[in-house]
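> give me coordinates for this.
(one chain, ligands or ions: 1)
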Amino acid sequence: MEKLKVAVIGLGRMGAEVSQRLEGKVPNGWLPISHVESAINIPQFEVVAFCDTDTDRLFRLGQHYNVSELYTDYKTLINESKPDVLCIATRTEGRTEIIKYAAQNGVRIIYFEKPISRTILDCKETIDICNENNVTVGYGVNRRYHDTYREAKKILKSGRLGNLKEIVVEHGRSPLYWTHPHSTDIILFFSDSIEFEYLQSTCLIDGNNIHGLVIDEDPIILNAYIKFENGVSASINQANGLNVRLVCENGTITIMKDGERIEIYEGSGYEDLTETLVLNINTSATENAFKELLNASLNNGIAPISTNEILAGMILLNGFVYSSLNEGKRVTKSEIPSDLLITGRSGDYYA
Ligand SMILES: NC(=O)c1ccc[n+]([C@@H]2O[C@H](COP(=O)([O-])OP(=O)(O)OC[C@H]3O[C@@H](n4cnc5c(N)ncnc54)[C@H](O)[C@@H]3O)[C@@H](O)[C@H]2O)c1
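Numbering: from 1, shown residues only. Now for the predicted structure:
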């Protein structure tokens with residue numbers, strides 16, 4: 001089979017910086033995390049082109065990875081290199097223009113970083129264009145591609161602990177767009193639902209940064225609650241640890257330390273730790289995502305995330321802020337303004 005041509009736009013930490021720096025600091029299954037390193041490990045992929053507006057970075061990484069088609073303008077890259085697969089790891093602003101242009105100009109698989117956009121409206125328009133052009137889409141919400149999170153879902157679905165009642169995400173006191181696209185996706189992944197009755201949330205937002213429907217910061221979530229139509233509820237709190245608790249009728253499955261291990265607690269009322277699982281993982285989350293995107297695109301396999309799930313994640317994120325702006329009231333999907341725009345700014349940096 002002829003290899004698929006891969007291009008990467010945005011050569012920062014997620015795009016192309018060497019992730020060796022994280023060795024020993026993150027649990028098994030995370031490395032390689034960068035788009036370039038992961039793509040290199042997929043036999044059917046050939047990384048042929050790079051684009052970054054920072055020319056020092058572009059030439060340094062072009063040389064490092066032996067990639068010779070180097071661009072500072074994404075449209076020129078798409079028109080000249082004609083990639084089959086495009087990875088986008090720029091910051092959020094402008095990302096949807098790149099996705100739309102790529103979808104309309106022959107790219108078959110697009111993997112882009114989170115959050116997809118800054119408004120629900122832009123997210124909808126972007127995924128509509130991807131669907132109209134039959135593009136297979138992947139999203140940087142990488143817990144759903146990680147073997148440990150997937151193993152926890154298998155245990156959940158086995159029914160050993162009864163039905164799922166609540167998902168609790170403990171990702172610290174963290175910013176909405178930087179951290180919580182992961183939290184909302186974890187919730188969607190385990191709840192198996194995108195339809196919610198209501199959500200409510202309290203966020204830390206500086207009143208000086210609220211300009212009508214433009215929120216010029218990356219609000220910190222203090223708490224968030226979602227009641228899904230299928231009866232499952234979910235909450236995000238300020239606890240540290242990057243733990244996820246799947247609270248079931250007869251016990252709790254806990255993914256500890258960002259996928260380092262799974263702990264199973266059983267019982268009602270008091271629960272006892274009955275099993276600890278540490279997986280032996282050979283393929284990183286990003287590599288899993290790429291393999292499955294390839295299979296979905298070439299063989300009609302199931303993509304590891306649907307565009308409806310991507311949209312649902314954006315609705316939850318912007319819905320949290322809308323609820324908070326309204327004193328934490330319960331909010332339904334139809335109440336959340338699709339043009340509420342969150343810039344994701346923290347000081348001089350943007351998510
Ligand atoms: N999935 C994850 O686990 C994860 C982790 C960290 C960051 N992220 C997300 O990934 C994105 C990138 O984060 P990062 O830390 O790698 O950022 P970064 O600042 O290290 O890298 C971004 C790169 O994109 C380039 N760039 C920006 N706009 C461009 C454009 N229009 N055309 C070409 N190049 C452009 C910049 O010059 C820079 O080199 C962010 O949106 C962030 O939220 C995801």
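> now do the contacts for whichever residue of the stretch 251-351 of the chain sits closest to the ligand.
Closest to the ligand within the stretch 251-351 of the chain is Ala351: 4.5 Å, counting by Cβ to the nearest ligand atom. To be clear about C-beta, it is placed using only N, CA and C from the backbone, and glycine gets the same treatment. Applying Cβ atoms under 8 Å, 6 or more residues apart in numbering to Ala351 gives the contacts Arg91, Thr92, Pro115, Pro175, Tyr177, Trp178, Asp218, Gly344.
> quick check: the gap between it and Ile262.
Ala351 sits 29 Å away from Ile262, going by Cβ to Cβ, to the nearest Å.
> go on, Phe228?
In terms of Cβ to Cβ, Phe228 sits 23 Å off from Ile262.
> farthest pair in the contacts of Ala351?
Arg91 and Pro175 (13.4 Å; Cβ to Cβ).
> which one's more surrounded, the two?
More crowded of Arg91 and Pro175, by other Cβ atoms under 10 Å: Pro175, with 19 against 15.
> per-residue pLDDT, the residue nearest to Leu22 when sequence neighbours are not counted?
Spatial nearest neighbour of Leu22, excluding adjacent residues (Cβ to Cβ, 6 or more residues apart in numbering): Leu31 at 6.0 Å. At Leu31, the model reports a pLDDT of 97.
> cool, Arg144 as well?
Note on Arg144: pLDDT of 98.
> my guess is Ile248 contacts Gly162, does it?
Rather than Ile, residue 248 is Cys. Yes: counting by Cβ atoms under 8 Å, Gly162 is a contact partner of Cys248 at 5.0 Å.
> quick check: residues of the stretch 151-300 of the chain near the ligand?
Trp178 (Cβ under 6 Å from any ligand atom).
> taking the stretch 151-300 of the chain, what residue is nearest to the ligand?
Trp178 (5.8 Å).
> for that residue, list the residues it contacts.
Counting by Cβ under 8 Å, 6+ apart, Trp178 has contacts Asp218, Gly344, Ser346, Ala351.
> check Asn295 too.
Gly301.
> which stretch of helix or strand covers it?
helix 285-299 (DSSP states H and E).
> with only the CA atoms kept, save that helix in CSV.
Output of helix 285-299 as CSV, limited to C-alpha atoms (Å, rounded to 0.1, in the frame of the first residue of the first chain):
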residue,chain,number,x,y,z
ALA,A,285,-2.8,7.1,23.3
THR,A,286,-2.0,9.3,20.2
GLU,A,287,-0.7,6.3,18.3
ASN,A,288,-4.0,4.4,19.1
ALA,A,289,-5.9,7.4,17.8
PHE,A,290,-3.9,7.5,14.6
LYS,A,291,-4.3,3.8,13.9
GLU,A,292,-8.0,3.9,14.4
LEU,A,293,-8.5,7.1,12.3
LEU,A,294,-6.6,5.3,9.5
ASN,A,295,-8.8,2.2,9.9
ALA,A,296,-12.0,4.4,9.9
SER,A,297,-10.9,6.3,6.8
LEU,A,298,-9.7,3.3,4.7
ASN,A,299,-11.9,0.5,6.0
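> after it, heading C-terminal, what element do we hit next?
Criterion used, DSSP H and E; the element after helix 285-299 is helix 307-325.
> what about that next one, distance to the chain center?
Centre-to-centre, helix 307-325 and its host chain are 13 Å apart (Cα atoms, centre = their mean, to the nearest Å).
> stretch 336-345 too?
What separates the centre of stretch 336-345 from the centre of its chain is 18 Å, taken as Cα atoms, centre = their mean.
> and for stretch 45-53?
That offset, for stretch 45-53, works out to 21 Å (Cα atoms, centre = their mean).
> with stretch 229-249 instead?
With Cα atoms, centre = their mean, you get 17 Å for stretch 229-249.
> that one: end-to-end distance?
18 Å (Cα to Cα, to the nearest Å).
> what do you get for stretch 247-258?
For stretch 247-258, the end-to-end distance is 17 Å (Cα to Cα).
> would you mark the buried spots in that stretch?
Val247, Cys248, Gly251, Thr252, Ile253, Thr254, Ile255, Met256, Asp258 (16 or more other Cβ atoms under 10 Å).
> in CSV: those, plus distance to Ser201 and pLDDT.
Below are the buried residues of stretch 247-258 laid out as CSV (distance: Cβ to Cβ, whole Å; pLDDT from 0 to 100):
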residue, distance to Ser201, pLDDT
Val247, 19, 98
Cys248, 24, 98
Gly251, 28, 98
Thr252, 23, 98
Ile253, 25, 98
Thr254, 23, 98
Ile255, 22, 98
Met256, 25, 98
Asp258, 23, 98
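> picking up where we left off before, avg pLDDT for the helix holding Asn295?
97.
> quick one: buried residues of it?
Buried residues in helix 285-299 (16+ other Cβ under 10 Å): 285-297.
> contacting residues around Trp30?
Counting by Cβ under 8 Å, 6+ apart, Trp30 makes contact with Leu22, His146, Asp258, Gly259, Ser284, Ala285.
> check Ile220 too.
Arg173, Ser174, Pro175, Leu176, Cys203, Leu204.
> just Ile78 next, same as before
By Cβ under 8 Å, 6+ apart, the contact set of Ile78 is Ala7, Leu86, Tyr101, Ala102, Asn105, Gly106, Val107.
> now, those that are in strands?
Ala7, Leu86 (DSSP state E).
> list the buried ones in stretch 18-29?
Ser19, Pro27, Asn28, Gly29.
> now do that stretch: distance to the chain's middle.
Using Cα atoms, centre = their mean, the offset of stretch 18-29 from its chain centre is 18 Å.
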